[in-house]
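Participant: take a look and give me a structure for this.
(one chain, ligands or ions: 1)
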Amino acid sequence: MDQKQLEQEVNKRRTFAIISHPDAGKTTITEQMLYFGGVIRSAGTVKAKKSGQFATSDWMEIEKKRGISVTSSVMQFHYRDKDINILDTPGHEDFSEDTYRTLMAVDAAVMVIDSAKGIEPQTKKLFKVVKQRGIPIFTFMNKLDRDGRDPLDLIAELEELLNIEGCAMNWPIGMGKELKGLYDIANNRLELYRKDGDDRFLPLNKDGQLEEHNPIEEEGSYEQALGEVDLIKEAGNQFDLDKIKAGNQTPVFFGSALTNFGVETFLNTFLDLAPAPSAHKQKDSEEIVKPDDEEFSGFVFKIQANMNPNHRDRIAFVRICSGEFVRGMDVTLQRTGKTMRLNNATEFMSDQRETVKTAVAGDIVGLYDTGNFQIGDTIFTGKKSVQFEDLPQFTPEMFMEVQAKNVMKQKSFHKGMQQLVQEGAVQLYKKYTTNDYILGAVGQLQFEVFQFRMKNEYNCDVVMKPIGSRIARWVDPEQLDPSMSSTRNMLVKDLDDKPLFLFENRFAENWFTNKYPDVKLTSKL
Ligand code: G4P
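Facilitator: A predicted model of the protein is given here:
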């Protein structure tokens, strides 16, 4: 493809992830989007109960019910003039570091909040990671068909708990059983609830008022909404595209994913405002890789091992940062300097109608991997070496002591451990004095996967003893005295031999800082 085509293709891409707390409605809204994209014929009926010990994606359920090909984790579809990539960020028991790393591969995030519950813990955690990247975040306040919290409160909570300005794009008229519609501030129209087609939109005049007969009988809720809209127009955060682009303001949309209310308006506005693939900075250099650069480059943000013991293969997920991916192309793996041919690749399509598809910057490709790749690896074509910045390490919150069940299996234990740690499946620590192994993770599933893979891939049973959830704090080795350690603040070292304390709880950490006020503790994230 020539330069112009490449630019056009890249500009069509919109790559994002949906972040939310379990049950807020991520699966339901994803389904609605697929419906608009023409991938599925109806939406709103999938029971999205997450099943299976190793559910690799929240979308498996959709895949099963719909018989469409969702090769886990990435879904691509076409809507309007855009090619959309949605990356999955599992929220349930399958929460893991992968979830966080996936957020390194997107250009925008959609935050789905249950309007009855407000901001919940998992959303907060994921938000923190997205915020650090400074990418745009769009908020969908879901489940308006149920009685929820005061919309003004929900917006205020964004600022209070997440420290981000919320800018209302539409406003509910009623709620729950009394839901009548939305006052669509961004498009200056009303959107009526339980009406299909374009009939559901009523234009407003330049004063933001209805000229024709008002079909909303419950004058009360309409008047109240008008009053609140006036209030937020006067005193609320003003729409500011620069702030949105930098992730300092989030456009807020209300709606109900289950009844497909407000989702289309949301998706359309989102696609208008969300950025095309962004440029990527290189490690230790000011050099920028632009998405429409001719040479191909990308980085591995996730490695997913096949849980089927008959197939040892793994898939390395690559976010393309520049150029075009062509099957069979030769690339250089920056870490080793070796050239490899990418024959065995999979693109993530849910739209069966299109068979030939080009993958360009913004897209994700899955490379079948026999052990060549590590998380964070850069691959590129051309003579000029490219290396993207390291992916951040996430501070684990759960810890386990781990040993081989059978002492005779030490060799496979160490081999498996080394490889799985390299792959980024878990984080490894050692007790400071005894060198016993401790594993750290951000979610329980990581331990289960580790145990399973040690047995299936390395033929080694492991015994794990939970230490529970801990607060990890690194400490300056100069200030360290091993006698500071106790069971409530276990002293360990990380892979780079840097010492850290694992505090039992906030209380233990406070106690420590009071006792040793000069010792500086840092968290990585
Ligand atoms: P998740 O992926 O974020 O975990 O959430 P998911 O879409 O699976 O939705 C969780 C539950 O919430 C589902 O109910 C779903 O139908 C419901 N839900 C999603 N959006 C809305 C909405 O706009 N309004 C209402 N009223 N419900 C919504 P479920 O799996 O059937 O569970 P249950 O409700 O029967 O317990």
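Participant: and M33, what does it touch?
Facilitator: Under the criterion of CB atoms under 8 Å, 6 or more residues apart in numbering, the neighbours of M33 are F77, Y79, I84, I86, V263, L267. Every C-beta, even on glycine, is put in place using the N, C-alpha and C of the backbone.
Participant: out of everything not next to it in sequence, what's closest to the second one?
Facilitator: Residue nearest to Y79 in three dimensions, not counting chain neighbours: G37, with 4.4 Å by CB to CB, 6 or more residues apart in numbering.
Participant: any idea how far the ligand is from the one you found?
Facilitator: 17 Å (CB to the nearest ligand atom, to the nearest Å).
Participant: verify the stated contact: that residue with H78.
Facilitator: Yes: with contact defined as CB atoms under 8 Å, G37 reaches H78; the gap is 6.1 Å.
Participant: who's more crowded, the two?
Facilitator: More neighbours surround G37 than the other of G37 and H78, with 21 against 18 (other CB atoms under 10 Å).
Participant: the closest residue to V106 other than its chain neighbours pairs with what?
Facilitator: Counting by CB to CB, 6+ apart, A17 is the residue found nearest to V106 once chain neighbours are left out, at 4.7 Å. For A17, the beta-bridge partners under DSSP bridges are L87, A109.
Participant: what about A17, neighbour count?
Facilitator: Neighbours of A17 using other CB under 10 Å come to 24.
Participant: what does the one 5 residues further on give?
Facilitator: Residues lying near P22 (other CB under 10 Å) number 18.
Participant: would you mind measuring from it to L126?
Facilitator: 12 Å (CB to CB, to the nearest Å).
Participant: what of F95?
Facilitator: 9 Å.
Participant: look at these two and report which has more neighbours.
Facilitator: Neighbour tally, F95 and L126, criterion other CB under 10 Å: the higher count belongs to L126, 24 against 21.
Participant: thought that one was touching L103?
Facilitator: Yes: using CB under 8 Å, L126 is in contact with L103, at 6.9 Å.
Participant: up against the ligand, what does the stretch 51-200 of the chain have?
Facilitator: Residues of the stretch 51-200 of the chain lying close to the ligand (CB under 6 Å from any ligand atom) are D58, N142, K143, D145, R146.
Participant: and the residue nearest to V106, what pLDDT?
Facilitator: For A17, the pLDDT comes out at 96.
Participant: what sits up against the helix ranked longest in the chain?
Facilitator: Criterion DSSP state H: the longest helix present in the chain is helix 219-235. If you take CB under 8 Å, 6+ apart as the criterion, helix 219-235 is touched by 151-152, 155, 168, 171-174, 178, 180, 183, 185, 208, 214, 216.
Participant: between all of those, which two are separated the most?
Facilitator: The largest separation in the contacts of helix 219-235, counting by CB to CB, is between I155 and N214 at 25.4 Å.
Participant: tell me which of those two has more neighbours.
Facilitator: Neighbours per residue (other CB under 10 Å) separate I155 from N214, with I155 holding more: 22 against 12.
Participant: next secondary structure element downstream of the host helix or strand of that one?
Facilitator: Element membership of I155 [criterion: DSSP states H and E] is helix 151-157. On the C-terminal side of helix 151-157, the closest following helix or strand by DSSP H and E is strand 165-168.
Participant: what about that following strand, distance to the chain center?
Facilitator: From the chain centre to the centre of strand 165-168 is a distance of 21 Å (CA atoms, centre = their mean, to the nearest Å).
Participant: and if you look at stretch 429-442?
Facilitator: For stretch 429-442, the distance to the chain centre is 28 Å (CA atoms, centre = their mean).
Participant: model confidence over that stretch, on average?
Facilitator: Regarding stretch 429-442, the rounded mean pLDDT is 93.
Participant: what ranges does this structure have for its helices?
Facilitator: For the chain, the helices defined by DSSP H occupy 3-12, 26-36, 60-66, 97-102, 121-133, 151-157, 219-235, 241-245, 263-273, 410-423, 444-458, 506-515.
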